[in-house]
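> Predicted model and sequence below, questions to follow.
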Amino acid sequence: MGETLWIIAGIAVLSVGTYLMRFGGTKLGNKLALSERSQAMLNDAATTLLFAVALAATFFEGSHFAGSARVLGVSVAVFLAWRKVPLIFVILSAAAVTALLRLAGLH
């Protein structure tokens, strides 16, 4: 139960931080004059952070390897997203591939 509470607290902190960043962006966006280069760097930094979190979640569960089934499921999701398939089909396909691989014994 204690670990679940920490996870929920982490989600709450990240949610509040994300909201504050968005709120700050709308309120301060017109007051701060950033160069095009600075704006591009901020966009790239946000994308890099999200990519790093997704990559870590793909390959690791805690401190252990998450398994080949998850990696292949995420690979299917990336391929379908690249092909511009609707998001719900991307999610359902990745979940189905991962579940079927785990059912077949590939963890």
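Structure received. Source: prediction; values computed, not measured. Residues are numbered from 1 along each chain as shown.
> for the protein, which helix is longest?
helix 2-28 (DSSP state H).
> other SSEs contacting that one?
Contact partners of helix 2-28 among helices and strands, from 3 or more CB pairs under 8 Å, 6 or more residues apart in numbering; DSSP states H and E: none. For glycine as for every other residue, the C-beta is placed from the backbone atoms N, C-alpha and C.
> after that helix, next one along is what?
Sequence-wise, the next helix or strand downstream of helix 2-28 (DSSP states H and E) is helix 36-59.
> Tell me the backbone dihedrals of residue 33, please.
Residue 33 has phi and psi values of phi -100, psi 100 when expressed as degrees, to the nearest 10.
> How many residues are close by it?
6 (other CB atoms under 10 Å).
> One more: the one 5 residues further on?
Residues near residue 38, counting by other CB under 10 Å, number 11.
> now do residue 92
As a burial measure, residue 92 scores 13 neighbours (other CB under 10 Å).
> mind checking which helix or strand residue 105 is in?
Assigned by DSSP H and E, residue 105 belongs to no helix or strand.
> Could you report the distance from it to residue 60?
21 Å (CB to CB, to the nearest Å).
> same deal with residue 6?
17 Å.
> neighbour count winner among those two?
More neighbours surround residue 60 than the other of residue 6 and residue 60, with 12 against 9 (other CB under 10 Å).
> Go ahead and confirm the more buried one touches residue 70.
No - counting by CB atoms under 8 Å, residue 60 does not reach residue 70; the two are 9.6 Å apart.
> Point me to the residue sitting farthest from the middle of the protein.
Distance from the centre of the chain peaks at residue 31, with 30.2 Å (CA atoms, centre = their mean).
> just to confirm, which helix or strand has residue 102 in it?
With DSSP H and E as the criterion, residue 102 is inside helix 87-103.
> Put the alpha carbons of that helix into PDB.
This file holds the C-alpha atoms of helix 87-103, laid out as PDB (Å, rounded to 0.1, in the frame of the first residue of the first chain):
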ATOM      1  CA  LEU A  87      -4.300   6.600 -31.500                       C
ATOM      2  CA  ILE A  88      -6.900   4.200 -30.100                       C
ATOM      3  CA  PHE A  89      -5.800   1.500 -32.600                       C
ATOM      4  CA  VAL A  90      -2.200   2.200 -31.800                       C
ATOM      5  CA  ILE A  91      -2.800   1.600 -28.100                       C
ATOM      6  CA  LEU A  92      -5.100  -1.500 -28.600                       C
ATOM      7  CA  SER A  93      -2.700  -3.000 -31.100                       C
ATOM      8  CA  ALA A  94       0.400  -2.600 -28.800                       C
ATOM      9  CA  ALA A  95      -1.500  -4.000 -25.900                       C
ATOM     10  CA  ALA A  96      -2.700  -7.000 -27.900                       C
ATOM     11  CA  VAL A  97       0.700  -7.700 -29.300                       C
ATOM     12  CA  THR A  98       2.300  -7.500 -25.800                       C
ATOM     13  CA  ALA A  99      -0.500  -9.700 -24.300                       C
ATOM     14  CA  LEU A 100      -0.300 -12.300 -27.000                       C
ATOM     15  CA  LEU A 101       3.500 -12.500 -26.700                       C
ATOM     16  CA  ARG A 102       3.300 -12.900 -23.000                       C
ATOM     17  CA  LEU A 103       0.600 -15.600 -23.400                       C
END
